[in-house]
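Participant: kindly return the folded structure for what I paste below:
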Amino acid sequence: MTKIAVEQGLRPFQQALETAGFLVVEIKDPNDVNRHGAQAVVVSGMDRDFMGIDDSRRSPVITAAGRTPEEVVREVRRSLGPVE
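Facilitator: Reported below is the predicted structural model:
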């Protein structure tokens with residue numbers, strides 16, 4: 001199951017990702033991403049470099065700002081590519 005890290009406080013996005021079949025873990029600090037081995041990260045977008053997490057990571061970082069939960073689910077799927 002694909003694991004997605006979601007910034008704390010983004011409950012509607014967590015729920016949408018879980019409904020779409022992803023395993024969701026909530027992150028409170030940057031170490032949580034590595035600890036959980038998430039394949040993608042969803043952040044609020046309030047701070048582009050949320051707690052040191054930026055686009056230079058190997059895992060895609062998706063910003064939730066201005067998007068619906070469904071749009072974020074589509075972006076996560078697009079970012080991860082085809083599922084094997």
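Participant: switch to C-alpha atoms for all contacts and neighbour counts from now on
Facilitator: Fine.
Participant: okay, now the unreliable bits of the chain?
Facilitator: Applying pLDDT under 70 to the chain picks out residues 46-57, 83-84.
Participant: where do the strands sit along it?
Facilitator: In the chain, strands defined by DSSP state E lie at 3-7, 23-27, 40-43, 61-63, listed in chain order.
Participant: sheet-wise, list the partners of the last one with their directions.
Facilitator: Right, strand 61-63. Neighbouring strands of strand 61-63 in its sheet, by DSSP bridges, are strand 40-43 (parallel).
Participant: what residues does the strand it pairs with touch?
Facilitator: Strand 40-43 has contacts (C-alpha atoms under 8 Å, 6 or more residues apart in numbering) with 3-7, 33, 50, 59-64, 76, 80.
Participant: what ranges do the helices span in this structure?
Facilitator: Counting by DSSP state H, residue ranges of the helices within the chain are 11-19, 30-36, 69-80.
Participant: would you list those in CSV and tack on distance to residue 44?
Facilitator: Formatted as CSV, the entries for these read as follows, by distance: least, C-alpha to C-alpha, whole Å:
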stretch, distance to residue 44
helix 11-19, 10
helix 30-36, 14
helix 69-80, 11
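Participant: output these as TSV; include the columns mean neighbour count.
Facilitator: Formatted as TSV, the entries for those read as follows, by neighbours: other C-alpha atoms under 10 Å:
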stretch	mean neighbour count
helix 11-19	17
helix 30-36	14
helix 69-80	16
